[in-house]
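[1] sequence and computational prediction follow.
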Amino acid sequence: MKTNLMAAVALVALVSAAGVAKADSADELQALKAQSAALKKQNAELEKRLAKIEKQQAKEQARFASLPAAAPASANSYMADLSSIKSTLLEGDGPLTWHGITVFGTFDTGISYATHGAPNSGGFYAGDILLQKFYNGAQWSMAPSGLSQTTLGVKGEEELMPGLAGVFYASTGINPQSGQLANAPGSQIANNGLPLGSQSMNIDGTRGGQAFNDQLYVGVSSKTFGELTFGRHKSFSNDLLAIYDPAGGAYDYSPIGYSGTPVAGLGETDLGRQDETLKYLVHFPIFYSGLDTHFGAMYKFANGNAGVGTAPTTFANNSCGGTIAAPLPCNLNNSGYQFDLGGKFAGFELDGVISHYNQALTYGTFGYGSTYTVPVSGVVLPTLGAQGLAGTVADITSFMIAGKYTWNQFKFYAGYANDRYSDPKDPQGFGANTGQGDYPVYAVNNAAFLYGNKIYQTEWIGVKYAFNSQTDFTVAYYHESQNNFTSPAQNLTCSLPHSTALTPITGASPRSGNCAGDENIVSAYVDYHFTKRFDAYGGFMYSAYNGGLAAGSIYTNNFAPTAGVRYTF
């Protein structure tokens, strides 16, 4: 009985457990069914949204398909060019170059003191550093472009075929003290007829206010056959200043950089840069590969006009003939040439240049109280405010030789130039405009060397020491001289004392400017490079002259310390 009872109890417990398990499975199944239904509903909604998106996409594709097909961007297109510009163009340390075209420039300015100086002018591009006849009292001033002419330019190179490229170059000088384009004869115009001691900076020079007053040329270049260009160029003698002048042609520390007459222009400052020139330069090895040799040739075509003659011919080449009432045209012949040959080997560099130019015109400022006569009408006008200049014309034959030797941290420099002036075979007359900037001349001297050729000589030596990778010290000495080419009457004045009471007003002097004379110049400066592009400098130039070179000057010496900064890109 008990056994039966126990069996019944076990059976009842087993049935009860099975019932409970069945009930739990039913609840879980119900929950899964509910979740499945929810997922099906969500999936249906997602399918509806996907179908809607695909329908919209199909419509857009159909619309674009109906539009005209756009041509793919050309490799030379503007957008393709823009996309190819590297960020280093503006952010890097290299040149500003894009597709072979490079933008470059220099900004250079400082301050100076001159024991005898003159105020700056807006047109002239250097300060009162090298002694000039109108320098008067002590002067503090801005020293523009002390180491390098402030410049803005662009140049380019494009390969035409393997080994041959097309090239161009365009640059101009800017005066940092005024923002004007560099304009030496313009500064002379501004001082016409003024008393000597009242004048501001004004000297004839190679920049006449042109839009591109430095260089402007185009041509072809080959590493094998050289470079041939046409346009406005520096002369070879001007190019070589950067190599053989200890001061690199710096206005503040180099008289042959400040004045282009003795070396850069080899006799006439305007010839340091010449319009309408054909220039060729080629490099080639000689004997063996260790010697790098180069040869250059430049020809200047005649340009401008030679004006009209307004006086009977007194001497064979004194004028073009004619009279004030009936002037006769002068023959234009201001052509010329220059050759350069040089090389370098084992630290030595050497160059020689020869040149000849016809009808070379040197501009001059009209003196205090002077007048000029207008052809045909015969009207006499004061030169104060005149828009023309005085001029001296010459045929000039010159040569120069210069060398440099580099040894460790030292660079040693030496050079010599010889300029020979004679009266022009073809004189110029009133209205001639063969100088820089095409300024006309209202009074012309075609017989300045009637009693003998003028011979102007320049010698220089110097040394540059690289103290470290950032600091250079430079010391240089320059000597310039001229012979005696006076008339018998003028020769009697050569032994007379220099000064007169009229000197500060008119520049009058009992001594003739055709007497023999000398000028001695010493300079020294230090240049510190903070970075590749920014440097600061300081130093001095001392200049003094005597004899005919000092004729008409208020003072005969000047000491000019300067300091400045320069940024290049």
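    Ah, there it is.

[2] grab the nearest non-local neighbour of Thr261.
    Thr269 (4.5 Å; CB to CB, 6 or more residues apart in numbering). C-beta here means a position set from N, CA and C on the backbone, and glycine is covered the same way.

[3] state the number of residues packed around that neighbour.
    Thr269 has 24 neighbours, counted by other CB atoms under 10 Å.

[4] quick one: it and Gln188 touch, right?
    No - counting by CB atoms under 8 Å, Thr269 does not reach Gln188; the two are 11.8 Å apart.

[5] joint contacts of the two?
    Taking CB atoms under 8 Å, 6 or more residues apart in numbering as the contact rule, Thr269 and Gln188 both touch Asp204.

[6] do you know how far the residue nearest to Thr261 is from Asn484?
    Remark: distance between Thr269 and Asn484 (CB to CB, to the nearest Å) = 23 Å.

[7] Tyr542 now?
    26 Å.

[8] equivalent analysis for Phe473, please.
    Taking CB to CB, one finds Phe473 at 39 Å from Asn484.

[9] kindly report the same for Ala306.
    The value you get for Ala306 to Asn484, if CB to CB is used, is 30 Å.

[10] that older thread, tell me who's in contact with the residue nearest to Thr261.
    Ala184, Asp204, Gly205, Thr206, Ser259, Gly260, Thr261, Thr362.

[11] pLDDT-wise, which helix or strand of this protein ranks last?
    Of all helical and strand segments in the chain, the minimum by mean pLDDT, DSSP states H and E falls on helix 78-84, at a mean of 41.

[12] show me where the stretch 201-350 of the chain has its helices.
    Secondary structure of the stretch 201-350 of the chain (DSSP state H, counting those that start in this stretch): helices located at 236-239, 241-244, 255-258.

[13] show me which residues of the second one are buried.
    So the one you mean is helix 241-244. Leu241, Ile243, Tyr244 (16 or more other CB atoms under 10 Å).

[14] could I get those residues as JSON lines with distance to Gly265 and pLDDT?
    Formatted as JSON lines, the buried residues of helix 241-244 follow (distance: CB to CB, whole Å; pLDDT from 0 to 100):
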{"residue": "Leu241", "distance to Gly265": "11", "pLDDT": "96"}
{"residue": "Ile243", "distance to Gly265": "17", "pLDDT": "97"}
{"residue": "Tyr244", "distance to Gly265": "16", "pLDDT": "98"}
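
[15] need the residues you listed in TSV with distance to Ile324, can you?
    TSV is the format used below for these (distance: CB to CB, whole Å):
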residue	distance to Ile324
Leu241	43
Ile243	49
Tyr244	48
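
[16] which one of these is nearest to Gly322?
    Leu241 (41.0 Å; CB to CB).

[17] between Phe473 and Asn484, who's got more neighbours?
    Asn484 (18 against 15).

[18] which SSE is that one in?
    Asn484 belongs to no helix or strand when assigned by DSSP states H and E.

[19] could you find the closest non-adjacent residue to it?
    Ala516 (4.2 Å).

[20] run through the neighbouring helices and strands of the top strand by length along the chain.
    Longest strand in the chain by number of residues (criterion: DSSP state E): strand 389-407. Applying 3 or more CB pairs under 8 Å, 6 or more residues apart in numbering; DSSP states H and E, one finds that strand 389-407 contacts helix 184-189, helix 241-244, strand 348-364, strand 410-422, strand 441-445.

[21] wait, which of the ones you listed is closest to Gly322?
    strand 441-445 (12.6 Å).

[22] check which helices and strands the helix or strand that comes right after the closest one sits against.
    Downstream of strand 441-445, the next assigned helix or strand under DSSP H and E is strand 454-466. Helices and strands touching strand 454-466, by 3+ CB pairs under 8 Å, 6+ apart, are strand 410-422, strand 471-482.
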